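Trainee: The sequence and its predicted three-dimensional model are supplied below.
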Amino acid sequence: MENVGLIDHHCHGVVKGDLDRPRFESLISESFDPPPGGTSQFDSPLGLSIRRWCAPLLDLDPLPAPDDYLGRRRELGADEVARRFLNEAGLAELLIDTGYRSDEVHDLESMATLSGLPVREVVRLEAVAERVASSGVEASRYPDALGEALTDGAAGAVGLKTIVAYRGGFAFDPARPAREEVVHAAGPFLEAASTGAARVADPVLLRHAIWTGADLATERGMPIQFHVGWGDPDIVLHLTNPSLLTGLIRDLDRVGVDIVLLHCYPFHREAAYLSAMYSNVHFDVGSALHYHGASARQLLAEAMEVAPFSKLLFSTDAFAVAEQYYLGSMLFRRALRSIFDKWIAAEHCDANEAERIGELIARGNALRIYPLAT
Ligand SMILES: [Zn+2]
């Protein structure tokens with residue numbers, strides 16, 4: 001496992017430029033709130049992991065004070081820091097979601113340069129819908145315009161992603177909406193977009209975007225990723241339980257669309273169950289791993305309780321802070337090794353089997369469901 005290049009099937013760009021302490025702390029938490037007065041985001045599983053495991057890569061002893069860590073980070077410069085963490089992560093390929101705060105983070109080309117790795121794009125359905133709305137299209141043209149924009153925008157992409165979790169959650173009618181319904185719902189959305197507020201939140205338009213994405217996913221043989229559970233406070237947590245997607249999962253299964261449930265915590269057991277029941281469902285525990293820090297092993301072990309070995313994928317879901325690439329990969333390798341050591345000690349498998357299963361999770365499953373050879 002140590003030498004297997006991991007395919008990071010869900011990650012984001014690294015932030016451009018150096019970071020002061022408030023900015024860095026805001027990027028190692030999913031909360032929108034600053035920490036309460038007198039406390040620090042460094043006092044968290046992720047903060048502790050950064051001080052323990054990332055400091056040596058910046059030539060510091062483990063567990064430096066946060067200010068010393070950030071001082072050294074600025075001394076080396078953002079790009080050198082990014083290169084060190086990306087290099088040490090042992091990744092083979094990055095599948096980058098370009099739809100979130102893209103003006104603040106490096107684009108695909110500079111991520112390829114910084115990492116020295118092949119970089120592929122995953123396109124957010126809602127971001128395309130919002131771009132179409134801002135283009136001044138008429139409501140009657142909206143359904144076709146979205147289809148065309150998606151075909152164009154995802155021409156070089158290897159996957160699609162929906163953040164419907166952030167737009168009301170999963171308790172929606174899974175049926176493909178009728179064209180008249182879409183045109184009707186597009187009116188107020190386009191109206192709002194003309195004043196600069198293009199945020200797709202209408203359930204009909206969200207479902208339409210997913211089904212338009214499903215058409216393209218079928219045609220191109222690529223999966224649709226769903227943000228699930230763990231994320232910022234824009235979600236209402238219980239509405240992002242993936243079991244609420246059961247109807248849509250069945251409908252998408254019938255038309256041959258693969259789904260990847262991302263992050264999933266605290267619903268990683270529900271995700272594992274769904275992956276065991278439906279052939280089109282895959283999942284990962286992504287950023288929840290580095291946010292678990294010292295408890296990453298337990299999270300991964302729970303994700304592996306019932307999931308078929310062909311259904312779990314690796315991702316860092318690193319966003320903005322390059323440390324997340326390194327920690328995502330390092331904590332995953334350590335956790336997996338420790339889980340397999342236990343299995344081998346208890347004679348559930350041998351080292352060869354463990355290696356084979358590990359390789360499926362690390363890269364084989366991604367190679368099977370994403371069109372990475374093209
Ligand atoms: Zn993400």
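Mentor: Great, that's in hand.

Trainee: Show me the beta-bridge partners of residue 320.
Mentor: For residue 320, the beta-bridge partners are residue 14 (DSSP bridges).

Trainee: buried set for the longest helix seen in the chain?
Mentor: Counting residues, the longest helix in the chain under DSSP state H turns out to be helix 323-345. Neighbour-count burial for helix 323-345 flags 323-333, 335-336, 339-340, 343 (criterion: 16 or more other C-beta atoms under 10 Å). For glycine as for every other residue, the C-beta is placed from the backbone atoms N, C-alpha and C.

Trainee: likewise stretch 140-159?
Mentor: Buried residues in stretch 140-159, counted by 16+ other C-beta under 10 Å: 142-143, 145-147, 149-150, 153-154, 157-159.

Trainee: Which residues are in contact with the closest residue to residue 42 other than its chain neighbours?
Mentor: Leaving aside its chain neighbours, residue 42 sits nearest to residue 66 (4.5 Å; criterion: C-beta to C-beta, 6 or more residues apart in numbering). Residue 66 makes contact with 21, 40, 42, 47, 51, according to C-beta atoms under 8 Å, 6 or more residues apart in numbering.

Trainee: State whether residue 122 is indeed within a strand.
Mentor: Yes: according to DSSP: H, G, I helix; E, B strand; the rest coil, residue 122 belongs to a strand.

Trainee: Can you work out which other helices and strands pack against the longest helix of the chain?
Mentor: strand 6-11, helix 45-49, helix 78-88, helix 286-292, helix 296-303, helix 351-359 (3 or more C-beta pairs under 8 Å, 6 or more residues apart in numbering; DSSP states H and E).

Trainee: That one relative to helix 78-88, how many degrees between them?
Mentor: 20 degrees (axes from the mean of the first three to the mean of the last three C-alpha atoms, to 10 degrees).

Trainee: Kindly format the C-alpha coordinates of helix 323-345 as PDB.
Mentor: In PDB, the C-alpha atoms belonging to helix 323-345 read as follows (Å, rounded to 0.1, in the frame of the first residue of the first chain):
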ATOM      1  CA  GLU A 323      -1.900  20.300   4.400                       C
ATOM      2  CA  GLN A 324      -5.200  18.700   3.700                       C
ATOM      3  CA  TYR A 325      -3.800  16.800   0.700                       C
ATOM      4  CA  TYR A 326      -1.000  15.400   2.800                       C
ATOM      5  CA  LEU A 327      -3.100  14.600   5.800                       C
ATOM      6  CA  GLY A 328      -5.900  13.000   3.800                       C
ATOM      7  CA  SER A 329      -3.500  10.700   2.100                       C
ATOM      8  CA  MET A 330      -1.300  10.000   5.100                       C
ATOM      9  CA  LEU A 331      -4.100   9.300   7.500                       C
ATOM     10  CA  PHE A 332      -5.800   7.100   4.900                       C
ATOM     11  CA  ARG A 333      -2.700   5.000   4.500                       C
ATOM     12  CA  ARG A 334      -2.100   4.700   8.200                       C
ATOM     13  CA  ALA A 335      -5.700   3.800   8.900                       C
ATOM     14  CA  LEU A 336      -5.900   1.300   6.200                       C
ATOM     15  CA  ARG A 337      -2.700  -0.400   7.200                       C
ATOM     16  CA  SER A 338      -3.800  -0.600  10.800                       C
ATOM     17  CA  ILE A 339      -7.200  -2.100   9.800                       C
ATOM     18  CA  PHE A 340      -5.500  -4.700   7.600                       C
ATOM     19  CA  ASP A 341      -2.900  -5.500  10.300                       C
ATOM     20  CA  LYS A 342      -5.800  -6.400  12.600                       C
ATOM     21  CA  TRP A 343      -7.500  -8.500   9.900                       C
ATOM     22  CA  ILE A 344      -4.300 -10.300   9.200                       C
ATOM     23  CA  ALA A 345      -3.600 -10.900  12.900                       C
END
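
Trainee: shaky segments in the protein?
Mentor: 374 (pLDDT under 70).

Trainee: So which residues of it form strands?
Mentor: Secondary structure of the chain, counting by DSSP state E: strands at 6-11, 91-97, 119-124, 157-162, 224-228, 259-263, 281-283.

Trainee: In JSON lines: those strands, plus distance to residue 192.
Mentor: Compiled in JSON lines, those are given as follows (distance: least, C-beta to C-beta, whole Å):
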{"stretch": "strand 6-11", "distance to residue 192": "30"}
{"stretch": "strand 91-97", "distance to residue 192": "24"}
{"stretch": "strand 119-124", "distance to residue 192": "19"}
{"stretch": "strand 157-162", "distance to residue 192": "20"}
{"stretch": "strand 224-228", "distance to residue 192": "23"}
{"stretch": "strand 259-263", "distance to residue 192": "28"}
{"stretch": "strand 281-283", "distance to residue 192": "34"}
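
Trainee: So which of the ones you listed is nearest residue 73?
Mentor: strand 6-11 (19.9 Å; C-beta to C-beta).

Trainee: contacts for that closest one?
Mentor: 89-97, 122, 159, 161, 225, 260, 262, 284, 286, 313-319, 325, 328-329, 332, 362-363, 366-367, 370, 372.

Trainee: got the helices and strands packed on helix 323-345 as a markdown table, with distance to residue 178 and mean neighbour count columns?
Mentor: As requested, the helices and strands packed on helix 323-345 are arranged in a markdown table below (distance: least, C-beta to C-beta, whole Å; neighbours: other C-beta atoms under 10 Å):
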| stretch | distance to residue 178 | mean neighbour count |
| --- | --- | --- |
| strand 6-11 | 32 | 27 |
| helix 45-49 | 45 | 19 |
| helix 78-88 | 46 | 19 |
| helix 286-292 | 35 | 27 |
| helix 296-303 | 38 | 20 |
| helix 351-359 | 45 | 15 |
